[in-house]
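Peer 1: Sequence below, structure please.
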Amino acid sequence: MAEIVKVTHLKKSFGRFEALKDVSFTVHSGEVVGFIGPNGSGKSTTIRTLLGIIKKDGGTATIFGQDVWEDSLSIHERLSYVPGDISLWGNLTGGAIIDLFMKLHGKGSAQKKDELIQRFSLDPKKKAKNYSKGNR
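Peer 2: Numbering: from 1, shown residues only. Reported below is the predicted structural model:
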């Protein structure tokens, strides 16, 4: 099976605190993996490193065979991440948030907005805080 995620001897420190100490693991195509551990064990730091949000201090990390730091834009074309603490302007409606993101990207139309609403079965008048986590 193909290696989708490969982490070898990953290290990350914040000052003198070693958040990641020689972390290594591999995830193959078709595998389902749970990332669990106590608070402060490095789960979020590992995920943020894999997403290219923070830079590792040592070791290697690849997704789809690409370096997570050097090739992060290419990797992000193929994956998504929903953090556990997501919050999108809870008092805005789903429709207003779609409008906002279309304006930020300089693209969009009423047709595209309708496509998104249909695809995700959204109520565009419902406030974001009332959507399920997946729809947020």
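Peer 1: Now find how far off-centre the helix ranked longest in the chain is within its chain.
Peer 2: In the chain, taking DSSP state H as the definition, the longest helix is helix 94-105. Taking the mean of its C-alpha atoms, helix 94-105 sits 19 Å from the chain's own mean (CA atoms, centre = their mean, to the nearest Å).
Peer 1: Same question for stretch 54-65.
Peer 2: Worked out by CA atoms, centre = their mean, stretch 54-65 lies 15 Å from the chain centre.
Peer 1: neighbouring contacts of it?
Peer 2: 3-13, 20, 22-24, 45, 48-50, 67-69, 75, 78-79 (CB atoms under 8 Å, 6 or more residues apart in numbering). To be clear about C-beta, it is placed using only N, CA and C from the backbone, and glycine gets the same treatment.
Peer 1: per-residue confidence averaged over the one helix or strand residue 8 maps to?
Peer 2: Assigned by DSSP states H and E, residue 8 belongs to strand 3-14. In this model, strand 3-14 carries a mean pLDDT of 97.
Peer 1: Also stretch 121-134?
Peer 2: pLDDT averaged over stretch 121-134 gives 84.
Peer 1: how close does residue 122 sit to residue 68?
Peer 2: Computed as CB to CB, to the nearest Å, the residue 122 to residue 68 distance reads 32 Å.
Peer 1: which of these two has more neighbours?
Peer 2: Neighbour count, other CB atoms under 10 Å: between residue 122 and residue 68, residue 68 has more, with 23 against 17.
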